[in-house]
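Undergrad: with the sequence up front, the predicted model follows.
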Amino acid sequence: MPSPDRRGDEPGADVPASGPALSSAPAIELRAVTRVYRDRPALGPVDLALPAGEFLTVVGPSGCGKSTLLSLVAGFAPPTAGTVLADGTPVTGPGPSRGVVFQQPRLFPWLSVAGNIGFGLRRLARAERAARVAELLAMTGLEGAAKLKPYELSGGMRQRAAIARALAPRPKVLLMDEPFGALDAFTRERMQEEIRELWRSTGVTVLFITHDVTEATTLGTRVIALAGPPGRITLDARVSEGLRDKVEAAIRDAASARAGVAS
Amino acid sequence: MPSPDRRGDEPGADVPASGPALSSAPAIELRAVTRVYRDRPALGPVDLALPAGEFLTVVGPSGCGKSTLLSLVAGFAPPTAGTVLADGTPVTGPGPSRGVVFQQPRLFPWLSVAGNIGFGLRRLARAERAARVAELLAMTGLEGAAKLKPYELSGGMRQRAAIARALAPRPKVLLMDEPFGALDAFTRERMQEEIRELWRSTGVTVLFITHDVTEATTLGTRVIALAGPPGRITLDARVSEGLRDKVEAAIRDAASARAGVAS
Amino acid sequence: MNLALRLGAVLFLLAVWQVVAWLKIWPPVFVPEPLAVWDQLLRTSSEGYSGHTLAGHLLASLRRIVLGCLYGISGGVVLGLLIGVVPVLRTLLNPLVTFVRTLPPLAYLSLLVIWFGIGEEPKVWLLLLAALPPVAVATADAVRGVHEDYLNAARSLGARPWEIPYRVVLPSALPEIVTGVRVAVGVAYTTVVAAETVNGVPGIGGMVRDAQRYNQTDVVVLGIIVIGLSGLLIDYLLQTLDRRLVPWRGRHI
Amino acid sequence: MNLALRLGAVLFLLAVWQVVAWLKIWPPVFVPEPLAVWDQLLRTSSEGYSGHTLAGHLLASLRRIVLGCLYGISGGVVLGLLIGVVPVLRTLLNPLVTFVRTLPPLAYLSLLVIWFGIGEEPKVWLLLLAALPPVAVATADAVRGVHEDYLNAARSLGARPWEIPYRVVLPSALPEIVTGVRVAVGVAYTTVVAAETVNGVPGIGGMVRDAQRYNQTDVVVLGIIVIGLSGLLIDYLLQTLDRRLVPWRGRHI
Amino acid sequence: SSPAEAPGEKKTVLRIGYQLIPNGDLIVKDQKWLETALPGTEITWSKFDSGGDVNTAMIAGAIDIGLAGSSPVTRGLSAPLNIPYRVPWIFDVIGDNEALVAKKEITSVAGLAGKTIATPFSSTAHYSLLAVLAEAGVTDAKVIDLEPPDIQAAWTRGDIDAAYVWTPVLAELQKDGGVLATSRELAAKGKLTADLAVVRTEFATRHPDILAEWIKQQDRAVKLTRSDPPAAAAAVGRQLNLDPAEAARQMGQLVLLDATEQRSPEYLGTAGAPGKLAENLRSAAEFLVGQKQLDAVPELTVFQKGLLTDALP
Ligand SMILES: Nc1ncnc2c1ncn2[C@@H]1O[C@H](COP(=O)(O)OP(=O)(O)OP(=O)(O)O)[C@@H](O)[C@H]1O
Ligand SMILES: Nc1ncnc2c1ncn2[C@@H]1O[C@H](COP(=O)(O)OP(=O)(O)OP(=O)(O)O)[C@@H](O)[C@H]1O
Ligand SMILES: [Mg+2]
Ligand SMILES: [Mg+2]
């Protein structure tokens, strides 16, 4: 179903040129958002505004509600209360302006690695698509794996393929849930460099969950720490020299507050 | 199908008392082992002997063959060439003497967390089983999640539940594939402490894959670094003061050797 | 909302039916008016038809269907597990099951009569033979779809080979087995008239056959509706059961 | 190995059959000897039966089965997707499909004759109606089983709502749909005799019925075997296709 | 509804529904007499398994001429069906090929009281069985519905005590059972059953010439069975997949009537004076009403009009 105006409505296709923060509304805004699973509150109330071009890293102990936060921003689930806004309009579902890297790499098992990466490029011309896929394969070091099916990949390769898939359509907002969790130190550094470079050159807004404090305090421009469940923001700081210690203390507090209690 | 002699044949049930290295054969031994997926070699040839009571950590760049090595030891797949021995007898399939934590937490979706942890305790009496499950829930900080189904867990909670499930039947050998990959720094430290304590008190043999060099060089007694694919051992050292740098160099070499080439 | 929607749809279908009957697009012998069918409902419920009330016919058929399905589903699950789990049996049983499940009941019905007489047995057997294959095929295929990591995990946790089928394979394959069961019950239903060609009164299928041969289409249509509604009810129960049994559908980790 | 095992099993079954025929446990009219069936195979292949050779009968039936299955499977997949994907349609169509799929063909066969005459159409329609439900049910259930993360991922990647069914739902549900197709083909096969009660010559089902009427059990058994074997072949093709289409069965990540 | 002329073509189509019964129809089909005699007409032969199906096809307008037993024809001519068709020909009067067979120890129809008797419901045999039982005053017999192959199976197992059924199952039953009544005897008592031809009224009025030719060929077939029995048996055997001897035996059990005989008042009669077949059909209808298989008995004139006598040569 190739559309006639092939690039016309491609989401975020023009972001590289546009640079950060043209509109005054935050790229992402959460207003008194809470989320309850059955009867167990998992998040909130959380208030958060993410200006366009911000690179936010999110830290917090396991099970505190980070992924829940991300799923609300992505539009995978509606908040139990409150509103999630993207570019000033309420989020009603997942959309191409917000690219997502899941915590567990959910590659489409029926597509090859190249097929997965090309999934979001349906509206590009064949050659353009192939070029973009090749570019992303190179960026994630998966050139040799283009034709493999997801089940033939190692854990880290899956994660890299998932990252490439999310980056492919150049979304305006990138939501990444521990994207480098399964990568060795070297590959991880390389990927960090790539993401930083991408952010620098395109002004993409990033929400980046990680459990690596060094990563949190060096990669982005701003860090929030959650404590929970239900997840609340206990620290919200711009990246600076002494931040690492503060963030570590915040996670330690949040985690020990419920150590031995419900997780 | 409750068996009449409930504890009689419980695998490894008596390990805590027996202590390390009663037999002279290594707990795990690989002899010229290789593994080829279709036509792509993934591992080997690898020679490796793991005396009972050893705590081996395995590092290496993403996709180098670490998980493949583990799957051969676990008996999930036969080696393409060579022999894998456990306690001196060839491995023909998975067995209760070798507990496994998968890289992706494969909890049984039809069982609750407690049910998953109790899966390997079928031969214990009801009360004993409940006690052991409670013990493991406490150890992994999942007391509040006992009744939840796997899909209701956060990523880190899944991983902890998978660890608890593997530990439950007290296997003689523990094979762990990046078990703490999805855990925050605090929870991770706590889990590291638990594993170290377990190893100290029971003499369990551990094969532990990680991409965290600090973890690799502090947690165990011996480190090997793989380069690949196909994975080969490029470094095999006892844990000591300056090891961290050596290991980092080894991974860096292995990773950059193929950076930009096939992964 | 749903209920209103459904009620509306039923009323709409009734209206279409009434209009079709009025317009006499097809001969009235084949499209009786809704009211005529309603009349027959009242008549067969009180006076009966072929010597039994509607409830009597329905109960007799339901008993056969339930029995046949129970046996067929049990047999299908067991056969499917055997085919899926044991390689030698797969080699032998898979073609056999495929062969048998293509055979048309009308061709071997008299064999069933030879073996089981003209009482309840041949009918239940035929329904069993109708219900078994979908379950067996679904189970066998679902077994192939069980994630190998579940099997590996179970074995690593000390599950014995003979425990694997019911501790891992069965629960993991449950969603698809339930689908197979739903299909099987439907197929059994479609077979009830064939089953009741052999001395099938009382029985809804027997009643429909009698009515058909005497061109009492209102009774035929009544029978069809009763069959369909009771099938709807059973399927509803199965779907509810499914949601209970498999809350992780679409969310396995 | 497999082949040897299967050959052995077939020979064993043949031997059992021969012994049963010799012992005359059941009257020979019901259990003809294997050789008699073999004779009929040669005769019907050369001289023909009811004016057509065995191949002619088989081809006529296969044509109907293939057509009916093609339409039925297409319809079933579309219906199943609609039911699975569109909530309003689920509310309306799900009960309707369940209702229709419980209806016994023998009860509505004459309606098909009224609507479609006595040519190929009513037969193909009947086979369609037999093949559709298993596919529709399997598809609808499989759709419910598609992992929500796949749907979320696809939408995040810019897939439009109308693209989701064929870009995500269909491939993800493929394993279960193929299972449904295998069941459907089997059910269509079992219906072929019923479909060929009216003007069913040439046709294997018609041939079987003719033979039944004149107690030529060897021809009946020959027909049954031919039906079973051709079904076996089709199922084999489907299973091969399945392995090709779904290499990730049991290994989705 | 469906026109006898295929759309877009001038060629007239004659669509025949036949059944596998060893009478003249199969000779006509086998010898392709119609195809030869009506070169300008396209002839199609469709096989049916029961008179009920023929009735349905008639209602659907899918065939022009068909074969149905007298029971289905009775129902077809009565309400609610009121099928617009008429009987221009009697293929055969059922004779010894349908009979009531009982276990050896049962020697009279009266002995069937309380016994289980099987017959295919709504067939001519069913009608004959009910007639026999009514005549003997047996009211408490258990009459059950079984198809012929199933009758044989049930008989073999001893599940039934008697059956009213036709060849070849009849022959199998006779091997260890006794005949209590045959349709030939019943016919003599006025409870005649027959295999009748039915022609759509519309077709008969539109194409009298084709119908006349059709009857001529049927008559010719009946005459062949008399003049050259081996040839007739061979033709029928080919159609039934039987050897000629068996075909001849089965044909011998039927009463085939040529055109002259059919014109007698006993059967179809003549244009002005419809034959006794109409009364036969009406009494069958009366009987069916008694059995609650019909709602009301039509006037005799309905059946008299149902006989198409003026087409007989
Ligand atoms: N099932 C499979 N089929 C085909 N190839 C596979 C399969 N599993 C792994 N491979 C290949 O084998 C190689 C090694 O994979 P392995 O999973 O052992 O890597 P790893 O060291 O565990 O990497 P990571 O740290 O990313 O998990 C990779 O190139 C991968 O593509
Ligand atoms: N689908 C669900 N149904 C019910 N409860 C859920 C569901 N998903 C998450 N939860 C619960 O919500 C809480 C927060 O989960 P979340 O996944 O957001 O944690 P997280 O911060 O991402 O943790 P991690 O670092 O371990 O991934 C947890 O207590 C979890 O049990
Ligand atoms: Mg998370
Ligand atoms: Mg790995």
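TA: Noted; the coordinates are in hand. Ligands and ions are numbered 1, 2, ... in the order given.

Undergrad: helices along chain C, start to end?
TA: Remark: helices assigned in chain C by DSSP state H are C:2-23, C:34-46, C:54-85, C:87-102, C:105-116, C:121-144, C:148-156, C:164, C:170-195, C:204-213, C:217-245.

Undergrad: how about those helices in CSV, adding mean neighbour count, mean pLDDT and distance to residue A:245?
TA: For glycine as for every other residue, the C-beta is placed from the backbone atoms N, C-alpha and C. Shown next, in CSV, are the helices of chain C (neighbours: other CB atoms under 10 Å in any protein chain shown; pLDDT from 0 to 100; distance: least, CB to CB, whole Å):
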stretch, mean neighbour count, mean pLDDT, distance to residue A:245
helix C:2-23, 12, 87, 56
helix C:34-46, 15, 91, 80
helix C:54-85, 21, 94, 56
helix C:87-102, 19, 88, 60
helix C:105-116, 22, 87, 78
helix C:121-144, 27, 93, 53
helix C:148-156, 22, 93, 40
helix C:164, 18, 91, 51
helix C:170-195, 26, 92, 47
helix C:204-213, 26, 88, 78
helix C:217-245, 19, 90, 50
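
Undergrad: will you turn these into CSV that also has distance to ligand 4?
TA: Shown next, in CSV, are those (distance: least, CB to the ion, whole Å):
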stretch, distance to ligand 4
helix C:2-23, 47
helix C:34-46, 66
helix C:54-85, 28
helix C:87-102, 29
helix C:105-116, 53
helix C:121-144, 25
helix C:148-156, 13
helix C:164, 25
helix C:170-195, 23
helix C:204-213, 59
helix C:217-245, 33
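
Undergrad: which non-adjacent residue is nearest the closest residue to ligand 1 within chain C?
TA: Nearest residue of chain C to ligand 1 (CB to the nearest ligand atom) works out as residue C:148 at 9.4 Å. Distances taken as CB to CB, 6 or more residues apart in numbering or on different chains put residue D:250 closest to residue C:148, at 5.4 Å, once the chain neighbours are dropped.

Undergrad: secondary structure element for the residue lying closest to residue A:99 once chain neighbours are set aside?
TA: Excluding the flanking residues, the one nearest residue A:99 by CB to CB, 6+ apart is residue A:171, at 3.4 Å. In this structure, residue A:171 sits in neither a helix nor a strand according to DSSP states H and E.

Undergrad: just give me the neighbour total for residue A:171.
TA: By the measure other CB atoms under 10 Å in any protein chain shown, the count of residues near residue A:171 is 25.

Undergrad: got it, and the one 10 residues further on?
TA: For residue A:181, the number of neighbouring residues by other CB under 10 Å comes to 26.

Undergrad: same question for residue E:106.
TA: 18.

Undergrad: using the three-state scheme, assign it.
TA: Following DSSP: H, G, I helix; E, B strand; the rest coil, the label given to residue E:106 is coil.

Undergrad: would you reformat the helices of chain C as CSV and include distance to residue A:146?
TA: Listed next are the helices of chain C as CSV, based on distance: least, CB to CB, whole Å:
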stretch, distance to residue A:146
helix C:2-23, 47
helix C:34-46, 62
helix C:54-85, 34
helix C:87-102, 34
helix C:105-116, 52
helix C:121-144, 28
helix C:148-156, 25
helix C:164, 36
helix C:170-195, 32
helix C:204-213, 58
helix C:217-245, 39
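
Undergrad: in TSV: the ones you listed, plus distance to ligand 2.
TA: As requested, the helices of chain C are exported to TSV (distance: least, CB to the nearest ligand atom, whole Å):
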stretch	distance to ligand 2
helix C:2-23	25
helix C:34-46	47
helix C:54-85	30
helix C:87-102	37
helix C:105-116	46
helix C:121-144	24
helix C:148-156	20
helix C:164	28
helix C:170-195	18
helix C:204-213	45
helix C:217-245	16
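
Undergrad: quick one, phi psi at residue A:205?
TA: phi -90, psi 130 (degrees, to the nearest 10).

Undergrad: element containing the residue positioned nearest the centre of chain E?
TA: With distances taken as CA atoms, centre = their mean, the residue of chain E nearest its centroid is residue E:195 (1.8 Å). Under the criterion of DSSP H and E, residue E:195 resides in strand E:194-200.

Undergrad: now do residue E:68
TA: In the assignment (DSSP H and E), residue E:68 maps to strand E:65-69.

Undergrad: angle of that strand against strand E:194-200?
TA: Interaxial angle, strand E:65-69 versus strand E:194-200 (axes from the mean of the first three to the mean of the last three CA atoms, to 10 degrees): 150 degrees.

Undergrad: which elements pack onto strand E:65-69?
TA: With contacts taken as 3 or more CB pairs under 8 Å, 6 or more residues apart in numbering or on different chains; DSSP states H and E, strand E:65-69 sits against strand E:12-18, helix E:51-60, strand E:194-200.

Undergrad: out of those, which is closest to residue E:154?
TA: helix E:51-60 (22.1 Å; CB to CB).

Undergrad: run through the neighbouring helices and strands of the closest one.
TA: helix D:105-116, strand E:65-69, helix E:70-77, strand E:194-200.

Undergrad: sorry, back to before: buried residues in the strand holding residue E:68, which are they?
TA: The neighbour-count criterion (16 or more other CB atoms under 10 Å in any protein chain shown) identifies E:65-69 as the buried residues of strand E:65-69.

Undergrad: what sits against the most centrally placed residue in chain C?
TA: Centroid-nearest residue in chain C: residue C:185, 1.9 Å away (criterion: CA atoms, centre = their mean). Neighbouring residues of residue C:185 by CB atoms under 8 Å, 6 or more residues apart in numbering or on different chains: C:65, C:69, C:131, C:231, C:234-235, C:238.

Undergrad: does the residue of the stretch 151-300 of chain E found nearest ligand 3 count as helix, strand or coil?
TA: Proximity of the stretch 151-300 of chain E to ligand 3 (CB to the ion) peaks at residue E:153, 66.6 Å away. Following three-state DSSP, residue E:153 is assigned to helix.
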